[in-house]
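In: Structure, please.
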Amino acid sequence: MRWLHRIVAIGLTALAALFLGAALPAYAEGETVSGTLSVTQSGKAVEGVKITVTSKADGKEVATVESDADGRFSAPLPGPGVYTVKIDKDSLPDKIVLDEGQPESRDVTVAAGQRAAALFNLSDGSKVTEPQQDIVWAQRVAEGLRYGLIIAITAIGLSLIFGTTGLTNFAHGEMVTVGAFAAWWVNTGLGTPLWLSTIFAVIVGIVLGILNELVIWRPLRKRRSGLIAMLVVSIGLGLAMRYILLLVVKGDRQFYDTPVQTVVDLGPISITPRDLQAMGLCLVVLVGVAVMLQFTKIGKAMRAVADNRDLAASSGINVNRVILVVWMLGGGLAAFGGVMYGWTLNLRFDMGFTLLLLMFAGVTLGGLGTAYGALLGSLVIGVIVQLSTMVIPDDIKTVSGLLVLILILLVRPSGLLGARQRIG
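Out: A predicted model of the protein is given here:
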């Protein structure tokens with residue numbers, strides 16, 4: 001197997017050279033300024049608001065964009081520098097105004113390759129009463145459940161891979177991104193409907209999982225490589241995949257070619273049919289995975305290998321085959337979760353890395369190596385992250401999930417559903 005090991009080493013070296021020689025300059029061309037417009041009292045997104053970006057150095061206008069149905073806007077910039085971001089008050093909907101004391105423009109400093117945030121607080125002119133505060137809470141919880149379900153879909157594969165192999169796979173986020181962009185490529189390039197594009201993306205994710213296991217991780221296990229060494233390899237693989245994606249898809253945000261949907265009100269919650277469909281699909285897939293793990297032969301074998309690999313092997317279970325199926329399942333779920341994330345939000349070359357932090361938080365919070373723990377932990381992280389936007393800016397909401405993770409692990413180090421470790 002030395003030849004295979006050499007091929008892997010040469011491939012990783014080539015990917016690293018690509019990253020160092022080509023990807024970094026491309027990253028410097030991806031400067032953007034972005035933000036989210038929503039009403040403070042209700043949390044409802046504000047669509048169609050015009051945002052103008054001008055260079056502070058020469059006063060030249062460099063971009064004009066409008067907020068989308070989710071209130072988000074993103075303006076590409078020609079390079080690093082200081083820019084003035086101005087909101088067009090005339091384009092605001094009726095009864096929507098800037099909060100008292102809020103300037104209509106603000107200066108942002110953008111470094112090379114940076115995505116800077118420009119925050120504007122909007123108001124409908126009313127004070128936040130206690131009933132309205134309850135509406136905001138309900139809206140954030142609904143958004144958190146949607147976000148948590150997407151995190152859970154991607155985190156279950158990460159948790160199963162850790163449980164069966166002990167590998168902390170830092171390239172899992174890039175598997176999410178590859179699946180999302182595989183669907184985007186056939187959806188926008190070939191004009192296929194999103195449901196068919198999703199099936200294609202899942203197949204791509206499964207193939208990627210097979211290649212990961214057969215080309216990289218199984219040979220490393222046979223050579224008895226340590227888990228720390230394998231972790232470092234996964235970090236390098238993730239970096240290489242991320243910046244190769246940047247070379248291919250560039251740094252701009254992308255969207256699926258789907259019909260524009262209007263927000264519907266379900267009691268105190270405002271949500272799009274797209275978000276409801278994504279939540280429903282995630283629930284169906286999660287139930288399917290739970291049934292597979294609980295009642296099928298391969299599912300029981302996965303749980304046996306995760307519990308004690310040596311005992312499972314002595315019982316006649318083909319451990320390598322089980323691990324291969326786990327990688328296939330993990331790749332398919334990662335790709336599906338990437339499509340759901342891109343469908344409800346947007347696509348970007350580093351979306352998987354952003355989601356990876358929350359995946360690790362969900363997996364660790366629920367209990368390392370347990371699929372059900374990954375589900376519970378991801379839902380908790382998703383809800384907390386969205387609720388935190390009531391008191392902190394949307395662009396740093398991920399921090400709240402990580403802080404809660406630290407606090408809970410101080411009380412219960414094994415996680416919510418994790419078993420206590422036996423020593424001796």
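In: Name the helix or strand for residue 95, please.
Out: Using DSSP states H and E, residue 95 is not contained in any helix or strand.
In: no no, residue 322
Out: Going by DSSP H and E, residue 322 is in helix 319-344.
In: how does the protein divide into domains?
Out: Per automatic domain parsing, the structural domains of the chain span 33-125, 133-411.
In: Now render those as CSV, adding mean pLDDT and mean neighbour count.
Out: Just so you know, the C-beta spots here come from the backbone N, C-alpha and C atoms, and that holds for glycine as well. Formatted as CSV, these follow (pLDDT from 0 to 100; neighbours: other Cβ atoms under 10 Å):
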stretch, mean pLDDT, mean neighbour count
domain 33-125, 80, 16
domain 133-411, 87, 20
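In: At the geometric centre of this structure, which residue sits there?
Out: What sits nearest the mean C-alpha location of the chain, by Cα atoms, centre = their mean, is residue 355, with 2.9 Å.
In: That one: what's it in contact with?
Out: 150, 151, 154, 173, 176, 337, 341 (Cβ atoms under 8 Å, 6 or more residues apart in numbering).
In: The first one against residue 340, yeah?
Out: Yes. Contact criterion Cβ atoms under 8 Å: residue 150 and residue 340 qualify, at 5.0 Å.
In: can you give me the helices for the stretch 1-150 of the chain?
Out: 2-18, 24-27, 130-165 (DSSP state H, counting those that start in this stretch).
In: any idea of the mean pLDDT in the second one?
Out: I take that to be helix 24-27. In this model, helix 24-27 has an average pLDDT of 35.
In: Now residue 45: closest residue in space, sequence neighbours ignored.
Out: Spatial nearest neighbour of residue 45, chain neighbours left out: residue 71 (3.2 Å); criterion: Cβ to Cβ, 6 or more residues apart in numbering.
In: ok now do the one you found, which residues does it touch?
Out: 36, 37, 38, 45, 46, 47.
In: Dump the residues you listed to JSON lines, plus distance to residue 265.
Out: What follows is the contacts of residue 71, written out as JSON lines (distance: Cβ to Cβ, whole Å):
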{"residue": "36", "distance to residue 265": "20"}
{"residue": "37", "distance to residue 265": "19"}
{"residue": "38", "distance to residue 265": "15"}
{"residue": "45", "distance to residue 265": "13"}
{"residue": "46", "distance to residue 265": "16"}
{"residue": "47", "distance to residue 265": "15"}
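In: any idea which of the residues you listed is closest to residue 366?
Out: Set against residue 366, the nearest of those by Cβ to Cβ is residue 36 (28.4 Å).
In: Check the spacing between residue 284 and residue 340 real quick.
Out: Residue 284 sits 12 Å away from residue 340, going by Cβ to Cβ, to the nearest Å.
In: right, I mislabeled it, should have said residue 47
Out: 22 Å.
In: Please apply the same query to residue 304.
Out: Here the criterion is Cβ to Cβ. By it, residue 304 lies 30 Å from residue 340.
In: cool, residue 283 as well?
Out: Note on residue 283: its distance to residue 340, by Cβ to Cβ, is 11 Å.
In: shared neighbours, the two?
Out: By Cβ under 8 Å, 6+ apart, the residues touching both residue 283 and residue 340 are residue 149.
In: Return the distance of the helix or strand encompassing residue 380 from the chain's centre.
Out: Under the criterion of DSSP H and E, residue 380 resides in helix 371-387. Relative to its chain's centre, helix 371-387 lies at 13 Å (Cα atoms, centre = their mean, to the nearest Å).
In: Where does the residue nearest to the centre of the chain sit, in terms of helix or strand?
Out: Residue 355 belongs to helix 351-366, assigned by DSSP H and E.
In: can you give me the offset of that helix from its chain's centre?
Out: With Cα atoms, centre = their mean, you get 8 Å for helix 351-366.
In: And for stretch 351-370?
Out: For stretch 351-370 - counting by Cα atoms, centre = their mean - the centre lies 10 Å from the chain centre.
In: do stretch 266-285 as well
Out: 18 Å.
In: Show me where this protein has its strands.
Out: Listed in chain order, the strands of the chain (DSSP state E) span 32-36, 50-55, 61-66, 72-76, 81-87, 97-98, 105-110, 115-117, 122-123, 264-266, 269-271.
In: Select, out of these, the one closest to residue 389.
Out: Within the strands of the chain, the stretch nearest residue 389 is strand 32-36; the backing value is 8.9 Å (Cβ to Cβ).
In: could you say what helices and strands the closest one packs with?
Out: The contact analysis (3 or more Cβ pairs under 8 Å, 6 or more residues apart in numbering; DSSP states H and E) places strand 32-36 against strand 72-76, strand 81-87, strand 105-110, strand 115-117.
In: repeat that for 6 Å
Out: strand 72-76, strand 115-117 (3 or more Cβ pairs under 6 Å, 6 or more residues apart in numbering; DSSP states H and E).
In: about what we covered before: now do the helix holding residue 355 and helix 371-387, the angle between them.
Out: 120 degrees (axes from the mean of the first three to the mean of the last three Cα atoms, to 10 degrees).
In: orientation of helix 351-366 relative to helix 130-165 in degrees?
Out: 90 degrees.
In: Tell me who's in contact with residue 197.
Out: By Cβ atoms under 6 Å, 6 or more residues apart in numbering, the contact list for residue 197 reads 183, 186, 187.
In: how near is it to residue 289?
Out: For residue 197, the distance to residue 289 - Cβ to Cβ - is 21 Å.
In: quick revisit: to residue 311, which of the helices and strands packed on strand 32-36 lies closest?
Out: Using Cβ to Cβ, the nearest of the helices and strands packed on strand 32-36 to residue 311 is strand 115-117, at 48.1 Å.
In: dump the residue contacts of residue 346.
Out: 253, 255.
In: for residue 94, same thing?
Out: Listed by Cβ under 6 Å, 6+ apart, the contact set of residue 94 is empty.
In: Quick check: residue 143 touching residue 386?
Out: Yes. If you go by Cβ atoms under 6 Å, residue 143 and residue 386 touch, sitting 4.5 Å apart.
In: what's the overlap in contacts for the two?
Out: Residues within reach of residue 143 and of residue 386 at once, by Cβ under 6 Å, 6+ apart: there are none.
In: returning to what we had before: turn the contacts of residue 355 into JSON lines, columns for distance to residue 381.
Out: Output for these, formatted as JSON lines (distance: Cβ to Cβ, whole Å):
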{"residue": "150", "distance to residue 381": "11"}
{"residue": "151", "distance to residue 381": "6"}
{"residue": "154", "distance to residue 381": "12"}
{"residue": "173", "distance to residue 381": "15"}
{"residue": "176", "distance to residue 381": "16"}
{"residue": "337", "distance to residue 381": "14"}
{"residue": "341", "distance to residue 381": "14"}
